[in-house]
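Colleague: predicted structure and sequence below. I'll ask about it afterward.
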Amino acid sequence: MNCLLSLGAFLLAANAFAQDYPSKPLRFVVPFPPGGVDTVGRIVAQQLSTVVGQPVVVDNRGGAAGTIGTTIAVNARADGYTVLFSNISLAINVSLFPKLPYDTLKDLAPISLIGRQPNLLVVHPAVAAKTVKELVALAKSQPGKLNYGSGGANTMLAIELFKLGTGTDIVGVPYNGIGPAMIALLGGQLQMTMSPMVSSLPHVTSGKLRALGISDVRRSTLLPDIPTLQEAGVPGYEFFNWYGVFVPSATPRATIQVLNKAVIRALDSPALKKQFSAQGLESKSTSPEEFAAYLNSEVGKFTSVVKAAGMKPEQL
């Protein structure tokens, strides 16, 4: 009887906490430097702040392909006030780093998928290739001479799959996030990269970079003249980046539900949809259970893909 009373008191306290949550600012850990993932994270954080009526403070903790920031979020107090905003790298890293300091599927509680976005294959204007076929021919004529910027597991995997599909030898140069890699590309230290549209689109529209192909199976309305990589001669190529929100796995279920509803409301905002659309990003919300199943399937998928691409942690 006493046990039942104690359980009842605990549930009442948990419910009261959920009703009051959030009552102070939320910390939005983005495990990458400014640019790229950070750009999307700040859009979500801004709208989420409006929904919950509390500041949502972005905390950039880049390094080690996102594993440093993820470790910080995993080890944070499980009270719903530290939220991890990450991307597809979270699933890729499970296979890429055999000794992660956390268990991705056990130590994180998925809140909701945020959206998906294709990558753009872009080159510096000085590169003598105006099409994918010309780039492939150039790379084959100079094996190991062209280089690309790797800003994390997702950008590296996208290029490695391109190399597999085209039989080319292009050398990866690691950077601490796609933002720094993009700066190097703009400065001419790199020849190319494959990055989410949020990072590369502004430079393509300004003429500072040249887009050769898009990684989705359909063209983008933002760049209708840019062919898909399949159209451009890379059979079966499809790769897109996704973003999502997580909390430590010990976070109370009631708090997870409150945060999920808040994220869904934020994603339904016309202002957010407009910002996403301008970056070629398609918003998509899920329940915690749906996102957990999706994350599990992505981890399984990339186990074989990472092996086929021959990816190694030291390449990042």
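Modeller: Arrived safely, thanks for sending.
Colleague: and the strands in this protein?
Modeller: All strands of the chain, identified by DSSP state E, fall at 26-30, 56-60, 82-87, 108-123, 147-150, 171-174, 192-196, 210-214, 240-248, 282-283.
Colleague: could you give the number of residues near K163?
Modeller: For K163, the neighbour count with other Cβ atoms under 10 Å is 18. C-beta coordinates here come from the backbone N, C-alpha and C atoms, glycine included.
Colleague: over to A211?
Modeller: By other Cβ under 10 Å, neighbour count at A211 equals 20.
Colleague: most neighbours per residue, which of the strands of the chain?
Modeller: Burial among the strands of the chain, expressed as mean neighbours by mean count of other Cβ atoms under 10 Å, is greatest for strand 192-196, which shows a mean of 30.
Colleague: show me what it is packed against.
Modeller: Contacts defined by 3 or more Cβ pairs under 8 Å, 6 or more residues apart in numbering; DSSP states H and E place strand 192-196 against strand 108-123, strand 147-150, helix 153-166, helix 178-186.
Colleague: got the angle for it vs strand 108-123?
Modeller: 140 degrees (axes from the mean of the first three to the mean of the last three Cα atoms, to 10 degrees).
Colleague: please tell me how far strand 192-196 is from the chain's geometric centre.
Modeller: 13 Å (Cα atoms, centre = their mean, to the nearest Å).
Colleague: pLDDT at L11, what is it?
Modeller: Confidence at L11, expressed as pLDDT, is 43.
Colleague: how about the one 4 residues further on?
Modeller: Model confidence at N15, given as pLDDT, is 51.
Colleague: now G8
Modeller: pLDDT for G8: 45.
Colleague: thinking again about what came up before, quick one: closest of the helices and strands packed on strand 192-196 to A254.
Modeller: Of all the helices and strands packed on strand 192-196, it is strand 108-123 that lies closest to A254, at 12.3 Å by Cβ to Cβ.
Colleague: partners of that closest one in the sheet?
Modeller: Strands that pair with strand 108-123, judged by DSSP bridges, come out as strand 192-196 (antiparallel), strand 210-214 (antiparallel), strand 240-248 (antiparallel), strand 282-283 (antiparallel).
Colleague: nearest to K24, of those strands?
Modeller: Between K24 and the strands paired with strand 108-123, the tightest spacing by Cβ to Cβ is seen for strand 240-248, at 15.2 Å.
Colleague: run the angle between that closest one and helix 178-186 for me.
Modeller: Here the directions of strand 240-248 and helix 178-186 differ by 150 degrees (the same axes, to 10 degrees).
Colleague: quick one: mean pLDDT for strand 240-248?
Modeller: Throughout strand 240-248, pLDDT has a mean value of 96.
Colleague: alpha carbons of that strand, as CSV, please.
Modeller: This file holds the C-alpha atoms of strand 240-248, laid out as CSV (Å, rounded to 0.1, in the frame of the first residue of the first chain):
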residue,chain,number,x,y,z
PHE,A,240,19.7,13.6,-48.3
ASN,A,241,20.4,15.1,-44.9
TRP,A,242,17.9,15.0,-42.0
TYR,A,243,17.7,16.9,-38.8
GLY,A,244,16.1,16.0,-35.5
VAL,A,245,15.8,16.9,-31.8
PHE,A,246,16.8,14.7,-28.8
VAL,A,247,17.1,14.7,-25.0
PRO,A,248,18.9,12.4,-22.6
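Colleague: return the distance of it from the chain's centre.
Modeller: Worked out by Cα atoms, centre = their mean, strand 240-248 lies 7 Å from the chain centre.
Colleague: now render the strands paired with strand 108-123 as TSV, adding distance to Y294.
Modeller: Listed next are the strands paired with strand 108-123 as TSV, based on distance: least, Cβ to Cβ, whole Å:
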stretch	distance to Y294
strand 192-196	18
strand 210-214	23
strand 240-248	8
strand 282-283	15
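Colleague: nearest to S141, out of the ones you listed?
Modeller: With Cβ to Cβ as the criterion, S141 lies closest to strand 192-196 of the strands paired with strand 108-123, at 15.1 Å.
Colleague: that closest one vs strand 82-87, what angle?
Modeller: Interaxial angle of strand 192-196 relative to strand 82-87 (the same axes, to 10 degrees): 130 degrees.
Colleague: pull the CA atoms of strand 192-196 into CSV?
Modeller: What follows is strand 192-196, C-alpha atoms only, in CSV (Å, rounded to 0.1, in the frame of the first residue of the first chain):
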residue,chain,number,x,y,z
MET,A,192,34.6,20.8,-54.4
THR,A,193,32.3,19.5,-51.8
MET,A,194,28.8,18.0,-51.3
SER,A,195,26.9,20.0,-48.8
PRO,A,196,23.3,20.5,-47.6
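Colleague: need the contact partners of it.
Modeller: With contact meaning Cβ atoms under 8 Å, 6 or more residues apart in numbering, strand 192-196 is reached by 36-37, 117-124, 127, 135, 146-151, 154-155, 158-159, 162, 170, 178, 181-182, 185, 200, 215, 239, 241.
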